[in-house]
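Q: One predicted model, sequence on top.
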Amino acid sequence: MRVAKSLLLGTAAGLIAVGGAQAADLPVKAKAVEYVKVCSLYGAGFYYIPGTDTCVKLGGYLRAEVALNAGGNYNGQYSNVFAAKNRLVNYYSMRAREDLNIDTRTATEYGVVRTYFDAVFTWTTGNYVGTGSATGATQYSGTLGLNAANNGLVGSTSGNVNGTDGNLSGGALGVYYAFIQFAGFTMGKSVSQFDAPWINYPGNNFDQLVGGSGSTNGVNQFTYTADFGQGITAAISVQDPTQVYQTAIWNTAGMSTTGVLGGAYGTNNFGGTTSPDIVGMVRVDQAWGLFQASVAAHDNHAAYYGATEATGHPEDKWGWAVQLALSIKNIPTGAGDVINVSGVFTEGASRYNFQELAATSYSMFGSSNAAYQSIGFAGVSDAVFGPNGNLELTKTYGFRGAYTHNWDPYWNTALYGAWAAVSYSGTAKGLICGSAAFATLTGTCNPDFNIGQVGVITRWTPVKGLTFSADFTYSHLDQKYSGFITTTALTSVAKPAATYELKDQDTYSLLLRAQRNW
């Protein structure tokens with residue numbers, strides 16, 4: 001018994017001694033580890049990436065919207081089935097989108113090194129087009145591969161303004177911006193230096209406002225920006241025009257009546273890329289607002305007159321564009337009110353007026369008391385040529401602007417408008433109007449046209465970062481044709497072989513949007 005008791009006491013004493021030794025080895029209070037630290041060098045929202053001297057900021061938005069009487073989201077009913085005014089037209093179109101952007105910055109002996117990436121995930125309502133079947137069969141645009149050029153989506157091409165995401169189920173992924181900034185240089189996909197600071201949106205949500213440049217989805221570029229202080233900056237840039245800064249180089253030998261009524265005066269005849277666009281910009285940014293002047297040079301490089309290189313080709317011609325932009329702040333109508341205006345002139349560089357998201361072909365149907373129906377059609381090009389001829393550069397000019405008034409911290413309203421004109425040379429008009437495509441025209445042939453747009457938008461921001469808006473837009477196509485034209489069936493929009501009256505056309509649309517920025 002005494003032996004057992006001694007063993008138990010000895011064991012307990014040993015355990016207490018060991019426990020005391022372990023307790024003595026532990027710190028009294030564990031030191032907190034700071035895994036994420038606020039970076040105050042570049043404004044709110046930046047944090048140090050753990051273990052580095054690089055700061056990062058995450059941002060983005062989620063958007064849900066419905067467009068009524070529109071050509072997709074958010075465009076006018078300018079062409080294709082959207083403007084057919086029949087049972088193929090979508091009465092509404094819906095979209096959901098998530099945007100994610102990542103901004104990183106690192107201080108170096110050469111200045112700040114910055115990278116920026118912005119991507120979107122989008123799902124948009126599609127539409128149905130006629131297949132030409134005798135049974136009236138239609139096909140969903142997703143199975144036709146009609147990707148949305150006006151949404152910055154992978155695989156999109158300029159001139160396609162159908163406004164659908166071309167996907168039956170999963171939507172689409174787009175990359176807006178991906179660039180590096182270092183020592184005054186910007187390298188990668190970013191907003192063009194030609195653009196006004198508000199890009200396509202002086203006060204609107206409507207995507208297809210004409211009257212100026214706008215690379216909302218970014219353009220690949222190599223740019224140097226000099227800062228002279230006092231709010232004065234200047235930039236020189238070379239940028240790739242292939243996707244968003246060229247409209248069409250039409251070979252009129254490929255004209256057809258059905259093509260003309262769709263807003264195309266021949267086959268599109270671009271050659272390979274030989275030169276980037278050259279852009280210069282000067283900006284003065286002050287408390288009263290800003291003033292910016294931009295210029296651009298654009299090379300028009302066509303392919304061949306015929307199917308092979310043996311047929312020859314027209315020589316290159318350089319086009320150009322100039323734009324002036326003005327923003328006036330602190331106007332007496334209210335705190336935060338602003339006026340944004342810009343004007344542009346182009347020759348052989350029409351995308352600097354009919355910006356990336358704007359329509360470059362118009363084919364709008366309406367009623368008629370003298371024919372089956374009426375139609376207004378028009379097309380935008382950089383240049384036109386005929387068999388063995390030279391490039392005839394297309395001239396355009398226009399303006400756009402908006403006035404935004406803040407009723408209180410939660411509500412604001414903007415009135416906006418735009419106007420653009422397209423003018424073809426006498427030689428180009430002769431090539432277009434002398435084509436057999438107009439053999440059935442009885443009346444006046446003139447491919448010049450104007451497009452006018454006016455709208456009003458009201459926004460409500462009940463809490464920070466959450467905005468509801470309603471945007472109404474009216475558009476008027478002022479085309480210069482008159483009389484009547486007879487055509488074969490236009491099967492993609494279910495229009496029969498008939499005689500159509502040539503008339504100006506009008507359209508309107510409404511966008512309802514909810515957006516949460518974070």
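A: Yes, it's here.

Q: mind checking pLDDT for Tyr140?
A: Here, the pLDDT recorded for Tyr140 equals 86.

Q: contacting residues for Ala83?
A: For Ala83, the contacting residues are Gly71, Gln77, Val89, Tyr362, Ser363, Met364, Phe365, Gln505, Thr507, by Cβ atoms under 8 Å, 6 or more residues apart in numbering. Placement of C-beta: from N, CA and C, glycine included.

Q: Leu477 versus that one, what's the distance?
A: Taking Cβ to Cβ, to the nearest Å as the measure, Ala83 and Leu477 are separated by 10 Å.

Q: Mind listing the shared neighbours of these two?
A: In the contact map built from Cβ under 8 Å, 6+ apart, the residues linked to both Ala83 and Leu477 are Tyr362, Met364, Gln505.

Q: Okay, and which of those residues map to helices?
A: With DSSP state H as the criterion, helices contain none of these.

Q: out of those residues, who has the most neighbours?
A: Across those, the neighbour count under other Cβ atoms under 10 Å reaches its highest value at Met364, namely 26 neighbours.

Q: how near is that one to Gly483?
A: To Gly483, Met364 is 17 Å away according to Cβ to Cβ.

Q: that older thread, reformat the contacts of Ala83 as TSV; add distance to Ile457 and pLDDT.
A: TSV is the format used below for the contacts of Ala83 (distance: Cβ to Cβ, whole Å; pLDDT from 0 to 100):
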residue	distance to Ile457	pLDDT
Gly71	18	87
Gln77	18	94
Val89	24	92
Tyr362	23	97
Ser363	27	97
Met364	23	97
Phe365	27	98
Gln505	23	98
Thr507	17	97
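
Q: can you pull out the strands in the stretch 151-300 of the chain?
A: Per DSSP state E, counting those that start in this stretch, the stretch 151-300 of the chain carries strands over the ranges 172-182, 185-190, 219-229, 232-239, 249-251, 267-268, 277-286, 289-300.

Q: Only the buried residues of the third one, if you could.
A: Same thing as strand 219-229. Residues of strand 219-229 classed as buried under the neighbour-count rule (16 or more other Cβ atoms under 10 Å) are Val219, Asn220, Gln221, Thr223, Thr225.

Q: re the thing from before, got a markdown table for the contacts of Ala83, with distance to Gly336 too?
A: Below are the contacts of Ala83 laid out as a markdown table (distance: Cβ to Cβ, whole Å):
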| residue | distance to Gly336 |
| --- | --- |
| Gly71 | 32 |
| Gln77 | 33 |
| Val89 | 39 |
| Tyr362 | 36 |
| Ser363 | 41 |
| Met364 | 37 |
| Phe365 | 42 |
| Gln505 | 37 |
| Thr507 | 32 |
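
Q: of these, closest to Val454?
A: Ranked by distance to Val454 (Cβ to Cβ), the contacts of Ala83 are led by Thr507 at 12.2 Å.

Q: Grab the nearest non-local neighbour of that closest one.
A: Using Cβ to Cβ, 6 or more residues apart in numbering and skipping residues adjacent in sequence, the residue nearest Thr507 is Gln77, 4.4 Å away.

Q: dump the residue contacts of the one you found.
A: The contact partners of Gln77, taken as Cβ under 8 Å, 6+ apart, are Asn69, Ala70, Gly71, Ala83, Val89, Met364, Thr507, Ser509.

Q: Kindly report the same for Lys495.
A: Applying Cβ under 8 Å, 6+ apart to Lys495 gives the contacts Ala84, Asn86, Phe365, Gln373, Ala489.

Q: nearest to Gly184, of those residues?
A: Comparing the contacts of Lys495 against Gly184 with Cβ to Cβ places Ala84 closest, at 50.4 Å.

Q: how far away is the closest one from Phe185?
A: For Ala84, the distance to Phe185 - Cβ to Cβ - is 48 Å.

Q: The two - which one has more neighbours?
A: Here Ala84 and Phe185 are set side by side on neighbour count (other Cβ under 10 Å), and the busier one is Ala84, at 22 against 12.

Q: Can you tell me the closest non-neighbouring residue to that one?
A: For Ala84, ignoring the flanking residues on the chain, the nearest one in space by Cβ to Cβ, 6+ apart is Val493 at 4.1 Å.

Q: Would you confirm that that neighbour contacts Arg87?
A: No - shown here, Val493 and Arg87 do not form a contact pair, counting by Cβ atoms under 8 Å, at 10.7 Å.

Q: Among the two, which residue is more densely surrounded?
A: Neighbours around Val493 and Arg87, counted as other Cβ under 10 Å, are more numerous at Val493. The numbers are 22 against 10.

Q: quick one: contacts for the more buried one?
A: With contacts defined as Cβ under 8 Å, 6+ apart, the neighbours of Val493 are Asn80, Val81, Ala84, Asn86, Leu88, Val129, Gly130, Ser363, Phe365.

Q: Any of the residues you listed buried? List them.
A: Among the contacts of Val493, those classed as buried by neighbour count (16+ other Cβ under 10 Å) are Asn80, Val81, Ala84, Leu88, Val129, Gly130, Ser363, Phe365.

Q: and the second one, that's in a helix?
A: Yes - Val81 forms part of a helix when assessed by DSSP: H, G, I helix; E, B strand; the rest coil.

Q: quick one: pLDDT of it?
A: Model confidence at Val81, expressed as pLDDT, equals 93.

Q: returning to that earlier point: return the subset of the buried ones among the contacts of Val493 lying in strands.
A: When the buried ones among the contacts of Val493 are checked against strands using DSSP state E, the ones located there are Val129, Gly130, Ser363, Phe365.

Q: Tell me how many other residues crowd the closest residue to the first one other than its chain neighbours.
A: This means Val129. In this structure, Val129 finds its nearest non-sequential neighbour in Ser492, 4.9 Å apart by Cβ to Cβ, 6+ apart. Residues lying near Ser492 (other Cβ under 10 Å) number 19.

Q: Same question for Tyr91.
A: Close neighbours of Tyr91, defined as other Cβ under 10 Å, add up to 7.

Q: correct me, but it touches Val66?
A: No - because the distance of 10.4 Å does not satisfy Cβ under 8 Å, Tyr91 is recorded as not touching Val66.

Q: OK, contacts around Asp504?
A: Under the criterion of Cβ under 8 Å, 6+ apart, the contact partners of Asp504 comprise Gly376, His476, Leu477, Asp478, Gln479.

Q: hang on, the earlier thing: where does the residue nearest to Val129 sit: helix, strand or coil?
A: If you use three-state DSSP, then Ser492 falls in the helix class.

Q: just to revisit the earlier point, return the member of the contacts of Lys495 nearest to Gly465.
A: Nearest to Gly465, judged by Cβ to Cβ, of the contacts of Lys495 is Ala84 at 39.5 Å.

Q: Just put the contacts of Lys495 in TSV and tack on distance to Phe468.
A: What follows is the contacts of Lys495, written out as TSV (distance: Cβ to Cβ, whole Å):
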residue	distance to Phe468
Ala84	31
Asn86	33
Phe365	33
Gln373	38
Ala489	44
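
Q: I'd like to know which of the residues you listed is nearest to Lys395.
A: Phe365 (28.0 Å).

Q: separation between the closest one and Leu441?
A: When Cβ to Cβ is applied, the distance between Phe365 and Leu441 equals 17 Å.

Q: Same check on Ala418?
A: When distance is defined by Cβ to Cβ, Ala418 is 30 Å away from Leu441.

Q: Neighbour count for those two, which is higher?
A: Neighbour count, other Cβ under 10 Å: between Ala418 and Leu441, Ala418 has more, with 28 against 18.

Q: Show me what the helix or strand hosting that one is packed up against.
A: Using DSSP states H and E, the secondary-structure element containing Ala418 is strand 411-423. Contacts of strand 411-423 with other secondary structure elements, assessed using 3 or more Cβ pairs under 8 Å, 6 or more residues apart in numbering; DSSP states H and E, are made with strand 395-406, strand 449-463.
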